[in-house]
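Visitor: Predicted model follows, preceded by the sequence.
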Amino acid sequence: MPGRWRWALSVAILLVLIAAVPVDAAVRHIVFLQSFDRGNLVLDRFTSVLRGIVDQQAGEPVVFTEFTLSPAGFLDIPEEAVLDFLALAFAGRPKPDLVITTGGPAASFARRHRQRLFADSPLLYAAVDARFLQNVTLAENETAVAVANDPGLIFEDMRRLFPETASVFMVVGVGELGRFWRQEFERLSPRIDGLRFLWADGMSYAQILQRASTLAPRSVIYFTSLDVDAQGATYSTERVLGDLRERANAPVFGAQSAELGHGVIGGHLMSIDTAARNAAGAALRILAGTSPSLIKVPVQGPGPPTFDWRELQRWGVSEALLPSGSEVLYRGPSLWRDYRREALGVLVALLAQAFLIVGLLYQRRARRRAEVESRRSLALAADANRRATISALSGSLAHELGQPLNSILHNAQAGEMMVTSSRATPEMLREILADIRTADVRASEIIERHRTMLKNHELDAKPIDIHSVVRQSTRLLANDTSHRQIQVDVDLPSTPCIVNGDQVLLQQVVVNLVMNAMDAMADTPVERRRVTVSEVVGQGSVALSVRDSGTGLPAGLDRNLFQPFVTTKANGLGIGLMIVRTIVEAHGGRIDAHDNPTGGATFTVTLPYNAATV
């Protein structure tokens, strides 16, 4: 279908749509004169934001009608045909409450034909560079919300980020907007001295992309708009920027904020959202009845420098080169940047935990060292106590050894006499030798018991029979108890009672407690001198008691009885019971003492016990 027939069909369809719009005084009608078709990122964003604000804040229904002055496929239509179309579209209908132009070409068109088309409707020039309106006196019912793009500022951004830039590939179209910007750039020569420019307005779209991919080193690309290429074709801004980013071998700069995120690296960009808000504010005031001539909106300049982090990374630009106060968008995920407060909190917690762990490890090491020292001290003190005990029992030792040694001597003399008198028979000699062997074994056992007690020893816990420990201890003291005329009763079951402990140290506990009981009965009548050793097996523990019939616990010392250097003996050192308590506690047990109702005292040692070990 020829282009002019398509144009006629489009006009007919649009007239039907306009006729379908209800005529209602309560409905406000805004007409947009668009410079370009949909697909221009800047104007699409501007119109979208403006319409959204007006819809929300108008307080009454608003109908928007949009006209594109240069629709794709009809670029060769004469301007007179467009005027006829618009005049026909609004013939016989109420005048629009407001006409808004978007972009420079639409502003120029409306300025030239205002009297013919919308002479009585308020007119708002929006999304337009102030240069399009220079030397123009606005009428009573006209106002402008203009911007002042500053291409020279973008060139300064180029040189700041890429100081060695030598050439700039200028991507502009051949339409009215492209021609306008080429003229403006040529006026900037004092600010861009030293740069070589390559213009794309004589190239097709394919040639532009091919040229962008083969630029010389130290080149950059400046995209303004590609309204129409040299073949008369139009392309969406998003597609052009996407293709340039994919094909170009140099970074792409732009001037509008709507282009950021689509391939431009950034700089001092014009904020399209700010321009749309300013225009929406003016439109709402006009709809509310304010005369356009009273609405004076300052010309908007470029905003603060804003950059695309992805493009900075792609082209190796350090953020240190960015202008002061720059904002960087589209950053990649960053734990420190996005969750700095939370990360600091976790870091502080980890550091506190690390210090706590180090402190605990230090304390653990110190505790282990203290435990080793404590065990060594316990061993030394226990050894000293054992030696003192053995020293006290030296008379008993001599008496105990005297019996088997005398037996050995007498048997040897008897055998010698029988041999001399020739009266020795083999049976008699065997009997004498058996007696000598028995006495020798008994002497060896006595010596071994005392040698074990004297041995320097540290705690070596293993399963042992506590009954055996008690019996060996009482045998060790047998001669002394006999000499002091003290009866020792061992009331223990015949079956073993296995505890986890050190035989030598536990034997020392029993010896100390029995000797203390014997000492406590020094003034007790002979017939009452009795020490009873008994046990009670409970749930998880065995209690071993040593009971005497002496004078009882010393008054006032019941709480300090197991403290160092506390004694009631004239020649005592006061470390015996302290060592007993230390040994018992080292075995995980406890020791208690109390007076008996009938006189004397009872010391009870309670040790952990597991019936499964029996």
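Guide: Yep, it's here. Treat the numbers as computed from the prediction; the structure is a model and nothing was measured.
Visitor: per-residue confidence averaged over stretch 515-528?
Guide: Stretch 515-528 carries an average pLDDT of 86.
Visitor: For that stretch, list every residue counted as buried.
Guide: 515-521, 524 (16 or more other Cβ atoms under 10 Å). Every residue, glycine included, has its C-beta placed from N, CA and C.
Visitor: Endpoint to endpoint, it covers what distance?
Guide: Using Cα to Cα, to the nearest Å, one end of stretch 515-528 lies 16 Å from the other.
Visitor: what about Ala127, which SS state?
Guide: strand (DSSP: H, G, I helix; E, B strand; the rest coil).
Visitor: Confirm for me that it is in contact with Ala279.
Guide: Yes: Ala127 is in contact with Ala279 according to Cβ atoms under 8 Å; the separation is 7.0 Å.
Visitor: Identify the contacts common to those two.
Guide: 46, 145 (Cβ atoms under 8 Å, 6 or more residues apart in numbering).
Visitor: So Glu469 versus Val510, what's the distance?
Guide: Heads up, residue 469 is Val, not Glu. Val469 sits at a distance of 6 Å from Val510 (criterion: Cβ to Cβ, to the nearest Å).
Visitor: can you list the buried residues of stretch 515-528 in TSV and add secondary structure and distance to Gln183?
Guide: Listed next are those as TSV, based on DSSP: H, G, I helix; E, B strand; the rest coil; distance: Cβ to Cβ, whole Å:
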residue	secondary structure	distance to Gln183
Met515	helix	121
Asn516	helix	119
Ala517	helix	122
Met518	helix	125
Asp519	helix	123
Ala520	helix	123
Met521	coil	128
Thr524	coil	131
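Visitor: Identify, from the residues you listed, the entry nearest to Thr237.
Guide: Asn516 (104.4 Å; Cβ to Cβ).
Visitor: Look up which residues are beta-bridged to Ala146.
Guide: Val128 (DSSP bridges).
Visitor: got the contact list for Leu117?
Guide: Leu117 neighbours (Cβ under 8 Å, 6+ apart): 83, 86-87, 90, 110.
Visitor: Need the buried ones from those selected in PyMOL.
Guide: To isolate the buried subset of the contacts of Leu117 in PyMOL, counting by 16+ other Cβ under 10 Å, use the following:
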select buried, resi 86+90+110
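Visitor: Break this structure down into its structural domains.
Guide: 3-147, 151-269+302-332, 458-614 (automatic domain parsing).
Visitor: any chance of those domains in JSON lines, with distance to Ala283 too?
Guide: Shown next, in JSON lines, are these (distance: least, Cβ to Cβ, whole Å):
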{"stretch": "domain 3-147", "distance to Ala283": "6"}
{"stretch": "domain 151-269+302-332", "distance to Ala283": "20"}
{"stretch": "domain 458-614", "distance to Ala283": "89"}
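Visitor: Indicate which one of those domains is closest to Pro292.
Guide: Judging those by Cβ to Cβ, what sits closest to Pro292 is domain 3-147, at 3.9 Å.
Visitor: My read is that Arg285 contacts Val297, right?
Guide: No: contact criterion Cβ under 8 Å: Arg285 and Val297 do not qualify, at 9.9 Å.
Visitor: The residue nearest to the spatial centre of the chain and Ala354, how far apart?
Guide: Central residue of the chain (Cα atoms, centre = their mean): Val346, 4.3 Å from the mean position. Shown here: Val346 relative to Ala354, a distance of 12 Å by Cβ to Cβ.
Visitor: same check, this time on Gly267
Guide: Gly267 sits at a distance of 45 Å from Ala354 (criterion: Cβ to Cβ).
Visitor: Check Leu88 too.
Guide: 81 Å.
Visitor: With adjacent residues omitted, what lies nearest to Glu259?
Guide: Sequence neighbours aside, Leu41 is the residue nearest to Glu259 in space, at 5.9 Å (criterion: Cβ to Cβ, 6 or more residues apart in numbering).
Visitor: what's the burial count for the one you found?
Guide: Residues within reach of Leu41, counting by other Cβ atoms under 10 Å, total 22.
Visitor: Wait, it touches Ala255, no?
Guide: No: the pair Leu41 and Ala255 does not pass the contact test of Cβ under 8 Å, sitting 11.9 Å apart.
Visitor: Distance check, the residue nearest to Glu259 against Ser225.
Guide: As judged by Cβ to Cβ, Leu41 and Ser225 stand 9 Å apart.
Visitor: same thing with Arg211?
Guide: Per Cβ to Cβ, Arg211 is found 17 Å from Ser225.
Visitor: More neighbours: these two, which one.
Guide: Between Arg211 and Ser225, counting by other Cβ under 10 Å, Ser225 is the more crowded of the two (27 against 17).
Visitor: Now do the same contact list for the more buried one.
Guide: Counting by Cβ under 8 Å, 6+ apart, Ser225 touches 40, 42, 172-173, 177-178, 181, 237.
Visitor: and with 6 Å instead?
Guide: Leu177 (Cβ atoms under 6 Å, 6 or more residues apart in numbering).
Visitor: same thing with Thr143?
Guide: 124, 292, 295.
Visitor: mind checking the SS state of the first one?
Guide: This points to Leu124. strand.
Visitor: Can you find the helix or strand in the protein with the smallest mean pLDDT?
Guide: The least trusted helix or strand in the chain, going by mean pLDDT, DSSP states H and E, turns out to be helix 3-20, with a mean of 43.
Visitor: before we move on, the earlier item: who has more neighbours, Leu88 and Ala354?
Guide: Shown here are Leu88 and Ala354; by other Cβ under 10 Å, Leu88 has more neighbours (13 against 10).
Visitor: Which secondary structure elements does the helix or strand in which the more buried one is found sit against?
Guide: For Leu88, the host element (DSSP states H and E) is helix 79-89. Packing contacts for helix 79-89, counted by 3 or more Cβ pairs under 6 Å, 6 or more residues apart in numbering; DSSP states H and E, involve helix 3-20.
Visitor: Parallel or antiparallel, which strands does whatever helix or strand comes next after the helix it packs on pair with?
Guide: Next along the chain after helix 3-20, taking DSSP H and E as the criterion, comes strand 28-34. For strand 28-34, the paired strands and their directions (DSSP bridges) are strand 62-68 (parallel), strand 98-102 (parallel).
Visitor: And these: which comes nearest Trp315?
Guide: Comparison of the strands paired with strand 28-34 against Trp315 by Cβ to Cβ identifies strand 98-102 as nearest, at 32.5 Å.
Visitor: quick one: the helix or strand that that closest one is followed by to strand 123-129, angle?
Guide: Using DSSP H and E, the helix or strand that follows strand 98-102 towards the C-terminus is helix 104-117. Following axes from the mean of the first three to the mean of the last three Cα atoms, to 10 degrees, one obtains 160 degrees for the angle between helix 104-117 and strand 123-129.
Visitor: could you dump helix 104-117 to CSV, C-alpha only?
Guide: Output of helix 104-117 as CSV, limited to C-alpha atoms (Å, rounded to 0.1, in the frame of the first residue of the first chain):
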residue,chain,number,x,y,z
GLY,A,104,12.3,20.6,20.1
PRO,A,105,10.7,19.7,16.7
ALA,A,106,7.2,19.7,18.2
ALA,A,107,7.9,23.1,19.9
SER,A,108,9.1,24.6,16.6
PHE,A,109,6.0,23.2,14.8
ALA,A,110,3.6,24.6,17.5
ARG,A,111,5.3,28.0,17.5
ARG,A,112,4.9,28.3,13.7
HIS,A,113,1.3,27.2,13.5
ARG,A,114,-0.2,28.1,16.9
GLN,A,115,-2.7,30.6,15.5
ARG,A,116,-4.1,28.1,13.0
LEU,A,117,-4.4,25.1,15.3
